[in-house]
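Undergrad: Turn this into a structure:
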Amino acid sequence: MTDPAVAIDRVWSIRDAVLAWLYIEAMVHGSRHPVLMAEDIAATVDWQGAPLTEPEVAAASDWLKDEGYISGPGSFGHGVVRPSITPSGERMADRKLSVRPGGATPADPQGITTIHISNSTNVAIASPGATQTYTVSEQIEKSLAVAGLLAKASEGEAGDVERAHQVAADIKAEVAAPTPDMGKVKKLLLSAMGIGMTTLAHDGAAELVHLGSQALQTF
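TA: Predicted coordinates for the structure are as follows:
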């Protein structure tokens, strides 16, 4: 018999996972209205718990819509079929906050679900006592890794390649400043991940998503 506390924690963690998936789809892949699919969500956030089911993610999407974190057309029994993250949802996901009431921790600490962006380090969702702190030097190091890869962009249209090289140069210039504006660096990283998808070869684009995801998690 499933522990009720664990079951409740799973419901909240699935809601967090759906919101994180939408945020990644919008910010990294530029997909503002992806199709709600349990397999895609699990793969994107690298879900570590028992396999997600379609009814679970449908219910999570309905709740997120009711709370104003996402929007989109609904279908009875299938949730929000083409969800779109709202500004409120973006703020929540960007700050890596759980949608649990008041940021409450799971009722059962042993039932914590941990997710992470594919191929990157884990991100604990509202875990008891879990903190993730990074130094500016770590932010700079990871940002430079993104810039270094983006500087090798050579695919696609000339204008896009030029823009990719400019974004890479802008990242390097900002982190080299006496007092880097890390907010600006974060925006540049998001731009880098977008332009890199079209100007790097497949393997390079995949690596950029990996490096960019790691870098963004330090903010």
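Undergrad: where along the chain do the strands fall?
TA: Applying DSSP state E to the chain gives strands spanning 70-71, 74-75, 79-80, 84-85, 114-115, 123-124.
Undergrad: Run through who's touching stretch 192-199.
TA: 27-30, 146-147, 149-150, 153-156, 160-161, 163-164, 167-168, 171, 204-205, 208-209, 212 (Cβ atoms under 8 Å, 6 or more residues apart in numbering). Placement of C-beta: from N, CA and C, glycine included.
Undergrad: What mean pLDDT does it get?
TA: Stretch 192-199 shows a mean pLDDT of 85.
Undergrad: Stretch 78-97 now?
TA: Rounded to a whole number, the mean pLDDT of stretch 78-97 is 88.
Undergrad: Nearest the geometric middle of this protein, what residue?
TA: The residue lying closest to the centre of the chain (Cα atoms, centre = their mean) is Ile24, at 3.8 Å.
Undergrad: Skip the chain neighbours and tell me the closest residue to that residue.
TA: Thr44 (5.6 Å; Cβ to Cβ, 6 or more residues apart in numbering).
Undergrad: you'd agree the one you found is up against Leu22?
TA: No. In this structure Thr44 lies outside contact range of Leu22 using Cβ atoms under 8 Å: 9.4 Å.
Undergrad: Please identify which of those two sits among more neighbours.
TA: Leu22 (30 against 21; other Cβ atoms under 10 Å).
Undergrad: could you pull out the helices for this structure?
TA: Per DSSP state H, the chain has helices spanning 4-27, 38-45, 54-66, 87-94, 136-150, 158-175, 182-199, 202-216. These are given in chain order.
Undergrad: Restrict the third one to CA atoms and write it as CSV.
TA: Once non-C-alpha atoms are left out, helix 54-66 reads as follows in CSV (Å, rounded to 0.1, in the frame of the first residue of the first chain):
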residue,chain,number,x,y,z
GLU,A,54,-0.7,10.5,-18.9
PRO,A,55,-3.5,11.0,-16.3
GLU,A,56,-0.9,12.3,-13.8
VAL,A,57,0.5,14.9,-16.0
ALA,A,58,-3.0,15.8,-17.3
ALA,A,59,-4.1,16.5,-13.7
ALA,A,60,-0.9,18.4,-13.0
SER,A,61,-1.5,20.6,-16.1
ASP,A,62,-5.1,21.3,-15.0
TRP,A,63,-3.9,22.4,-11.6
LEU,A,64,-1.1,24.6,-13.0
LYS,A,65,-3.6,26.3,-15.3
ASP,A,66,-6.1,26.9,-12.5
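Undergrad: what's that helix packed up against?
TA: For helix 54-66, the elements it packs on are helix 4-27, helix 38-45, strand 70-71, strand 79-80, judged by 3 or more Cβ pairs under 8 Å, 6 or more residues apart in numbering; DSSP states H and E.
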